[in-house]
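*Asks:* Prediction below, plus the sequence it came from.
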Amino acid sequence: MDAFYASVELLRYPQLKGLPVVIGGGRRAPDDALLARHAGLPLSEIPVADFPLLKDYTGRGVITTATYAARQFGVGSAMGLMKAAKLCPQAVLLPVDFAEYRRFSRAFKEVILSIAPVMENRGVDEVYIDFTQVPGGQREGGRVLARLIQKSIFEATGLTCSVGVAPNKLLAKMASEFNKPNGISIVQAEDLQAQIWPLACRKVNGIGPKADAKLKALGLETIGQLAQQSLPQLVHWFGKSYGHWLHDAAWGCDERAVETESEPVSMSRETTFERDLHAVHDRAELGAIFTDLCLRVADDLQRKGYLGRTVGIKLRFDDFKIATRDQTLALPMQDGQTIRQAAGQCLKRVPLGKRLRLLGVKVGGLIRLADWEATAHDPAARDALLRPQILTSVNESDPYTAPLF
């Protein structure tokens, strides 16, 4: 989907089309004041001049997404809002509304499934489609089907998307970025050298900043240069597994199937604070946030039909160092109180002298609730569900017993 969150916002605020708009952070007092000031007026009629601007933002929030007009100023996802304000102070700032984005996500995916039912869900705004068996899907190399999908999604939601058509997921992902927004790009196997090799190595999904820096240090700037390296040489530089993968990726090889069903590994919730908080001085505020995160994770588990067995926490301090702790319980659960108790035990094992920037709670070791209930009278089957998970416990000799919040 094209600038998905921003595009959803522009559906309710069409007066902002063509303007630099940044989506990020939670709802703030200026956002509530805007709606209160224009109560009773359609959202589409709120004057542009009344919207909060990025230049007036103070805090620690980050950008979730931005319109293409804002991106021209160098603003991008995951950038701090205050840093972005220096690049594009005139941008309109809107809060994130995940409930609305999920609603539109379900809507566009239902459209796709009605046309091409072999679909892999890749998050709120992206999917893979295997259209090998779709009648007429191969016409014009897939372009006809791509146009149909774009037209159908737009008619159902008012949103645009960009489609990459290729023999495999690796190349299709890259192709989807070639002609944004609302574009279609087709890459056949014989197009590898002309369309893929001139691109920077970083364009390959799976080559991150560290790997890219190492490739550049080795004089490898483009995918074509990477492809010219022998497999033994890449294994020598990057290890057996990643070296093999780099070699395959450079030659456009990807055997992964489109997975129509996948099991989540964990569920988590985290938040970055507007200001640094201290475990003692801000104990009440942190306690409320901590409890809310635990309850939200519990709600996710219950809504999606999972139990979890391993509870973990994540802390980022004011010096950007990160601490994580986890505890595996004897039995899986999905209630907020148990998650809060286990997370609190994990918290006892972390020194809390420094101020905190971020706090997160995670539940892993997931088991489907239906599978657990089906084994209620079969101890052997229940043991089999639990066996893959390693049981750990709190280290009672751990010296960190800082106050809990």
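*Replies:* Now that the structure is in, tell me what you want to look at. Given the structure is predicted, the values throughout are model-derived calculations rather than measurements. Numbers count the residues shown, from 1 in each chain.
*Asks:* Please make it C-alpha for all contacts and neighbour counts, starting now.
*Replies:* Will do.
*Asks:* What segments of the stretch 101-250 of the chain are strands?
*Replies:* Along the stretch 101-250 of the chain, counting by DSSP state E, counting those that start in this stretch, strands occupy 119-121, 127-129, 163-165, 184-186.
*Asks:* hang on, isn't residue 92 packed against residue 56?
*Replies:* No: Residue 92 is beyond contact range of residue 56, at 10.0 Å (criterion: CA atoms under 8 Å).
*Asks:* CSV for the strands of the stretch 101-250 of the chain, including distance to residue 8?
*Replies:* Formatted as CSV, the strands of the stretch 101-250 of the chain follow (distance: least, CA to CA, whole Å):
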stretch, distance to residue 8
strand 119-121, 19
strand 127-129, 17
strand 163-165, 18
strand 184-186, 21
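*Asks:* most packed of the ones you listed?
*Replies:* Among those, strand 163-165 has the highest mean neighbour count (mean count of other CA atoms under 10 Å), at a mean of 26.
*Asks:* contacts for that strand?
*Replies:* Contacts with strand 163-165, where a contact means CA atoms under 8 Å, 6 or more residues apart in numbering, come from 142-143, 146, 171-178, 182-187.
*Asks:* For ChimeraX, write the selection for the buried entries among those residues.
*Replies:* This is how ChimeraX selects the buried members of the contacts of strand 163-165, with burial counted by 16 or more other CA atoms under 10 Å:
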select :142,143,146,171,172,173,174,175,176,177,178,183,184,185,186,187
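*Asks:* Quick check: which of the strands of the stretch 101-250 of the chain is nearest to residue 380?
*Replies:* Taking CA to CA, strand 119-121 is the member of the strands of the stretch 101-250 of the chain nearest to residue 380, at 33.4 Å.
*Asks:* what does the average pLDDT come to for the closest one?
*Replies:* Strand 119-121 comes out with an average pLDDT of 91.
*Asks:* list the helices and strands it packs on?
*Replies:* Here strand 119-121 touches strand 127-129, going by 3 or more CA pairs under 8 Å, 6 or more residues apart in numbering; DSSP states H and E.
*Asks:* For the strand it packs on, which outside residues touch it?
*Replies:* The contact list for strand 127-129, computed with CA under 8 Å, 6+ apart, reads 116-122, 169, 258.
*Asks:* can you check stretch 334-345 too?
*Replies:* With CA under 8 Å, 6+ apart as the test, stretch 334-345 has contacts from 290-291, 294-299, 301-302, 306-308, 311-313, 326-327, 361, 363, 394, 404.
*Asks:* Sort out which of those residues are buried, if you could.
*Replies:* 290-291, 294-298, 301-302, 306-308, 311-313, 326-327, 361, 363, 394.
*Asks:* Can you list which of those residues are found in helices?
*Replies:* Within the buried ones among the contacts of stretch 334-345, residues falling in helices by DSSP state H are 290-291, 294-298, 301-302.
*Asks:* related to what we said a few turns ago, quick one: closest of the strands of the stretch 101-250 of the chain to residue 333.
*Replies:* Across these, residue 333 has its closest neighbour in strand 119-121 (26.1 Å, CA to CA).
*Asks:* which outside residues touch that closest one?
*Replies:* Strand 119-121 is touched from outside by 112-113, 127-130, 258-261, with contacts defined as CA under 8 Å, 6+ apart.
*Asks:* Where in the protein is the helix or strand with the lowest mean pLDDT?
*Replies:* The weakest-scoring helix or strand in the chain, judged by mean pLDDT, DSSP states H and E, is helix 379-386 (a mean of 84).
*Asks:* list the buried ones in it?
*Replies:* For helix 379-386, the neighbour count (16+ other CA under 10 Å) marks 382, 385-386 as buried.
*Asks:* Let me have the residues you listed in JSON lines, extended by distance to residue 343.
*Replies:* JSON lines is the format used below for the buried residues of helix 379-386 (distance: CA to CA, whole Å):
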{"residue": "382", "distance to residue 343": "25"}
{"residue": "385", "distance to residue 343": "23"}
{"residue": "386", "distance to residue 343": "20"}
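*Asks:* quick one: residue 354 from residue 279, how far?
*Replies:* 8 Å (CA to CA, to the nearest Å).
*Asks:* Compare those two (neighbour count), which wins?
*Replies:* The residue with more neighbours, out of residue 354 and residue 279, is residue 279; 20 against 14, by other CA atoms under 10 Å.
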